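Asker: sequence and predicted structure are below.
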Amino acid sequence: MFEEAPIGCCLSDSHGRISVSNVALARMLGYSSEELVGKGFWELTAREDRAKSMVHFQELVAGVRDFYQLEKRYLKKDGSLIWGRLTVSLLGARSEEGQFVLAMIEDVTEAVRAREQLEHSRRRLIMALEASRMTAWEYEPAAGTISWVDRTTLRRPSSESQGPVLFADVLQHVHPDDRIMLLELAGRVVNEGGAFSAEFRMFARDGSIRWMLGKGELLRSEGESGAKIAGVTLDVSELKRTQLELQELAKRLMEAQEEERRRISRELHDDIGQRVSLLAIELDLVRQLLEGQEHLRDRVERAQAATGELGTDLHQLSHALHSSKLQYLGLPAALRELCSRIAEKHSLTVQLDCEEQRVALPEEDALALFRVAQEALNNVVRHSRATKVKVALTQTPNEVRLMVCDNGTGFDPVRKTSGIGVIGMRERLRAIEGEFQIITEPRGGTEVHAKVPIPLPAHRRPGVHVRTGTLQ
């Protein structure tokens, strides 16, 4: 298994010098397996990451931690750098000669580059927002007219008058699919008051389509007979374009990650898992041949039991990487298997409230919710010290909701962490137009909420948010 593992593996002594490495690690770093023997891990680590890596390693050897995981840069033999996701743990019992340290390294260079590109797109999005053009306007429902300060971005109505124009004439320059939505919104604000926010499309002077963001509120002044809606319109076309690019990039990143998960899962199940099963059969045959040699028979039985446990762990790992039940039986069945596995492996009480009918979601949306549940439950195990977890999956006519709630220690959501789990959950849902929220506080437990809209037969309409009260 060590030699045939699809990721790099090595054993080092308690001083960090490599004793043996597999072919995958040697190929990853551009060395031969023999050349890696005797090298210290600091020699293979980029200078900027050595101090952090050394602290983690010393804490592991000193017994402060059982294992650690981090992403860092590795220096290849040719001088180039790659990114690796490193998982390190102690192997075997302590002795006078020290302990072996097992390190597993996965090449995540492409994933890190994709995240950097994602961050670059995010910065472009912010710059586009700051550079967007804004128009201020007033709408008088009683007269049905609208007037504004500046409308140079938009194509003017046939009347070139600078004074108020009919709202109906302005609507002619709104995309046909958004006109009814704006009319309904205007009527709702006039009747209910409060503030509003809406995205819609308009035709520019050159005939191109521009995305606009309108914000405003209903104003009622003493002594005036009617109310007015005052607001601003912001050209967010560049922002919208960048958002779509961001979503597409995040989608491609997650698709690449899922494809890699499927590949490793197949390797574990179809190749390594089968070889472990054959090894177990061979050990059983050896045990039968050792009749009367109890000492050797006992050792073979122990090896046989360890091989059986290893096969079980490989099977569970394969399903954790890629759930076949999600693909063939749907999200509820996959969640039941996930919760059962977490509860059994970590002695945790996991309550699943899940509707029996098959949730009507596309495969990528169901996969996103499953990965959110998986990451949330893993965070409970790693960080929360919880004894009970509740997982709930519910469905309304318009959306599917997932909640993971624990009774653990909670955390300060304002404090930044080095982990990427929360970012990953948020980006997964953003890519499919879903919503993500974490409710927590120190010593108060944690709630993870995810919502995914059920796709309509037609394309999803632009979002409209109306709230009553003071404009924030």
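Answerer: Ah, there it is. Residues are numbered from 1 along each chain as shown.
Asker: tell me which element the residue most central in space within the chain is part of?
Answerer: Centre of the chain computed as the mean C-alpha position; nearest residue by Cα atoms, centre = their mean is residue 424, 2.2 Å away. Element membership for residue 424, per DSSP states H and E: helix 421-431.
Asker: so in that sheet, which strands flank the host helix or strand of residue 102, and in what orientation?
Answerer: Per DSSP H and E: residue 102 is located in strand 100-107. Strand 100-107 sits in its sheet next to strand 8-12 (antiparallel), strand 81-91 (antiparallel), going by DSSP bridges.
Asker: buried set for it?
Answerer: Across strand 100-107, burial judged by 16 or more other Cβ atoms under 10 Å covers 101-107. Where you see a C-beta, it was placed from the backbone N, CA and C, and this is true even at glycine.
Asker: now do stretch 6-24
Answerer: 7-10, 12, 14, 16, 18, 21-22, 24.
Asker: save these as JSON lines, and put in distance to residue 234 and pLDDT too.
Answerer: Below are the buried residues of stretch 6-24 laid out as JSON lines (distance: Cβ to Cβ, whole Å; pLDDT from 0 to 100):
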{"residue": "7", "distance to residue 234": "47", "pLDDT": "87"}
{"residue": "8", "distance to residue 234": "49", "pLDDT": "90"}
{"residue": "9", "distance to residue 234": "53", "pLDDT": "90"}
{"residue": "10", "distance to residue 234": "55", "pLDDT": "90"}
{"residue": "12", "distance to residue 234": "57", "pLDDT": "90"}
{"residue": "14", "distance to residue 234": "60", "pLDDT": "86"}
{"residue": "16", "distance to residue 234": "55", "pLDDT": "89"}
{"residue": "18", "distance to residue 234": "57", "pLDDT": "92"}
{"residue": "21", "distance to residue 234": "56", "pLDDT": "91"}
{"residue": "22", "distance to residue 234": "56", "pLDDT": "90"}
{"residue": "24", "distance to residue 234": "51", "pLDDT": "91"}
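Asker: with distance to residue 48 as new columns, can the residues you listed be given to me in a markdown table?
Answerer: Below are the buried residues of stretch 6-24 laid out as a markdown table (distance: Cβ to Cβ, whole Å):
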| residue | distance to residue 48 |
| --- | --- |
| 7 | 23 |
| 8 | 21 |
| 9 | 24 |
| 10 | 22 |
| 12 | 21 |
| 14 | 25 |
| 16 | 18 |
| 18 | 21 |
| 21 | 23 |
| 22 | 27 |
| 24 | 25 |
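Asker: and the most far-flung residue of the chain relative to its centre, what helix or strand is that in?
Answerer: The centre of the chain is farthest from one residue, residue 292, which by Cα atoms, centre = their mean lies 56.8 Å away. Secondary structure assignment for residue 292, by DSSP H and E: no helix or strand.
Asker: list the contacts for it?
Answerer: Contact analysis of residue 292 by Cβ atoms under 8 Å, 6 or more residues apart in numbering lists nothing.
Asker: so what's residue 141 up against?
Answerer: Going by Cβ under 8 Å, 6+ apart, residue 141 touches 186, 190, 226-229.
Asker: inside helices: which ones of these?
Answerer: Of the contacts of residue 141, the ones assigned to helices by DSSP state H are 186, 190.
Asker: tell me the two of the contacts of residue 141 that are most distant?
Answerer: Between any two of the contacts of residue 141, the greatest separation by Cβ to Cβ is 13.5 Å, found for 186 and 226.
Asker: more neighbours: which of these two?
Answerer: Higher neighbour count among residue 186 and residue 226: residue 186, with 19 against 11, using other Cβ atoms under 10 Å.
Asker: the strands paired with strand 100-107: which one's closest to residue 374?
Answerer: Smallest distance to residue 374 across the strands paired with strand 100-107 (Cβ to Cβ): 17.0 Å, for strand 81-91.
Asker: tell me the helix or strand right after the longest helix seen in the chain.
Answerer: Longest helix in the chain, counting residues (DSSP H): helix 237-266. Of the helices and strands lying after helix 237-266 in sequence (DSSP H and E), the nearest is helix 273-289.
Asker: that following helix - contacts with which helices or strands?
Answerer: On a contact count with 3 or more Cβ pairs under 8 Å, 6 or more residues apart in numbering; DSSP states H and E, helix 273-289 meets helix 294-321.
Asker: for the helix holding residue 424, list the C-alpha coordinates in CSV.
Answerer: Output of helix 421-431 as CSV, limited to C-alpha atoms (Å, rounded to 0.1, in the frame of the first residue of the first chain):
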residue,chain,number,x,y,z
GLY,A,421,-13.5,24.7,5.2
VAL,A,422,-16.0,27.5,5.7
ILE,A,423,-14.7,29.3,2.6
GLY,A,424,-15.2,26.1,0.6
MET,A,425,-18.8,25.6,1.9
ARG,A,426,-19.6,29.2,1.1
GLU,A,427,-18.1,29.1,-2.4
ARG,A,428,-19.9,25.8,-3.2
LEU,A,429,-23.3,27.3,-2.5
ARG,A,430,-22.4,30.6,-4.2
ALA,A,431,-21.6,28.7,-7.4
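Asker: next SSE downstream of it?
Answerer: Following helix 421-431 in sequence, per DSSP H and E, is strand 435-440.
Asker: can you give me the angle that next one makes with helix 421-431?
Answerer: Relative orientation of strand 435-440 and helix 421-431, computed by axes from the mean of the first three to the mean of the last three Cα atoms, to 10 degrees: 150 degrees.
Asker: direction included, what does strand 435-440 pair up with?
Answerer: strand 446-453 (antiparallel).
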